[in-house]
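# I need the structure of the sequence given here:
(one chain, ligands or ions: 2)
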Amino acid sequence: MSCIFCKIANQEIPSELVYENDNIAAFKDLNPQAPVHILVVPKKHIGSINEIKEENKSIIADIFEAIPIITKQEGINDSGYRVISNCGENGCQSVEHIHFHILGGKKLSETLS
Ligand code: 5GP
Ligand code: ZN
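Ligands and ions are numbered 1, 2, ... in the order given. Presented below is the predicted three-dimensional model:
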């Protein structure tokens, strides 16, 4: 499997890891779009939101359980943040391994699209 986020999540290639447990990893985005920009991914490959199903849904819950832990650690839990997962061509998904962007550390745009 040549998926870059599989390799980052399983630490086969380096990243600025900020959190991990048995099922998920969180690391700093290479091209940050806010003072805090972290990507949270499952260690097991899931292509996008379109591939969430009964067998893998608990990993998505694991990601959302970790998000407030990560935002506390990064100092943006109280000031607020945004979580985004782009899906498919119109969603401008560029890496086909499901990932949740955490953006914060400044007042974000009021528009989403
Ligand atoms: P998408 O556009 O698919 O929603 O988001 C992909 C994100 O992954 C982008 O924000 C991009 O900067 C980030 N990214 C792509 N390749 C790498 C990489 O090798 N390392 C890290 N840390 N981030 C990456
Ligand atoms: Zn993958």
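
# can you pull the contacts of the residue nearest the centre of the chain?
By C-alpha atoms, centre = their mean, the mean C-alpha position of the chain lies nearest to Val40, the distance being 2.5 Å. Residues counted as contacts of Val40 (C-beta atoms under 8 Å, 6 or more residues apart in numbering) are 19, 24-26, 63, 66-67, 70, 99-100, 102. In short, each C-beta sits where N, CA and C put it, glycine included.

# ok, those residues vs Lys7, which is closest?
If you rank those by distance to Lys7 using C-beta to C-beta, Ala25 comes first, at 10.7 Å.

# Would you tell me what helix or strand the closest one is located in?
strand 24-28 (DSSP states H and E).

# Touching that strand from outside, list them.
For strand 24-28, the surrounding residues in contact (C-beta under 8 Å, 6+ apart) are 8-11, 15-20, 37-43, 59, 62-63, 66, 70, 102.

# In strands, which of those residues appear?
In this view, the contacts of strand 24-28 that belong to strands under DSSP state E are 17-20, 37-42, 102.

# closest to Asn86 among those?
So of these, ranked by how close each gets to Asn86 (C-beta to C-beta), first place is Leu39, at 11.1 Å.

# burial of that closest one, as a residue count?
22 (other C-beta atoms under 10 Å).

# Let me know whether it touches Asp29 as I believe.
Yes - at 5.4 Å, Leu39 and Asp29 qualify as touching, with contact defined as C-beta atoms under 8 Å.

# okay, and the common contacts of those two?
His101.

# Hey, what's the angle from the lengthiest helix in the chain to strand 24-28? Just curious.
Counting by DSSP state H, the longest helix found in the chain is helix 57-73. Here helix 57-73 runs at an angle of 40 degrees relative to strand 24-28 (axes from the mean of the first three to the mean of the last three C-alpha atoms, to 10 degrees).

# Would you mark the buried spots in helix 57-73?
Within helix 57-73, the residues that count as buried by 16 or more other C-beta atoms under 10 Å are 59-60, 62-63, 66-67, 70-71.

# Thank you kindly, that will do.
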